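> next input, structure requested:
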Amino acid sequence: MPKKLRKDGMWDHWVVFNIPVDVREISEGSEPAGTPGKDTNGKTGYFGPCPMDREHCCFFRLYALDTHLDLPEGSDKSGLERAMKEHIIDQDILMGRYEPQ
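Numbering: from 1, shown residues only. Model prediction:
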């Protein structure tokens, strides 16, 4: 069970950076080559959503950078965002919505 949400109410389920440019697909149940960062719970690796009893959205963000980031394994999302701020050449967001039946 997650410890806590971020101050903005969001949960980071997975942070991975420096994924090699030749990765074209992430197969179900696997993690891509790259450097794992910390999720909101302070752990590395994927932590799937725990569906709640209310509607909520999940965002998947992907960034193309013009450099390899010199950050250690276990860096958190805020440190990663600061490091890549001036290096983003493209980005995309996929939103999924969970709605209980």
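
> can we go C-alpha only for contacts and neighbour counts from here?
Fine.

> do a quick rundown of the helices in the chain.
In chain order, the chain shows helices spanning 77-84, with DSSP state H as the criterion.

> buried residues, the least confident helix or strand in the chain by mean pLDDT. List them.
Among the helical and strand segments of the chain, the one scoring lowest on mean pLDDT, DSSP states H and E is strand 56-65, with a mean of 88. Using 16 or more other C-alpha atoms under 10 Å as the burial criterion, the residues of strand 56-65 that qualify are Leu65.

> pairing partners for that strand, with directions?
As defined by DSSP bridges, the strand partners of strand 56-65 come to strand 88-98 (antiparallel).

> C-alpha coordinates for the partner strand, PDB please?
Included here for strand 88-98 are C-alpha records, laid out as PDB according to Å, rounded to 0.1, in the frame of the first residue of the first chain:
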ATOM      1  CA  ILE A  88      13.700  18.600 -23.900                       C
ATOM      2  CA  ILE A  89      13.400  18.500 -27.600                       C
ATOM      3  CA  ASP A  90      10.000  16.700 -27.700                       C
ATOM      4  CA  GLN A  91       7.500  15.200 -25.300                       C
ATOM      5  CA  ASP A  92       4.200  13.300 -25.300                       C
ATOM      6  CA  ILE A  93       1.500  12.500 -22.700                       C
ATOM      7  CA  LEU A  94      -0.900   9.600 -22.700                       C
ATOM      8  CA  MET A  95      -3.800   9.900 -20.300                       C
ATOM      9  CA  GLY A  96      -5.800   6.900 -19.100                       C
ATOM     10  CA  ARG A  97      -9.000   7.200 -17.100                       C
ATOM     11  CA  TYR A  98     -10.200   4.800 -14.500                       C
END
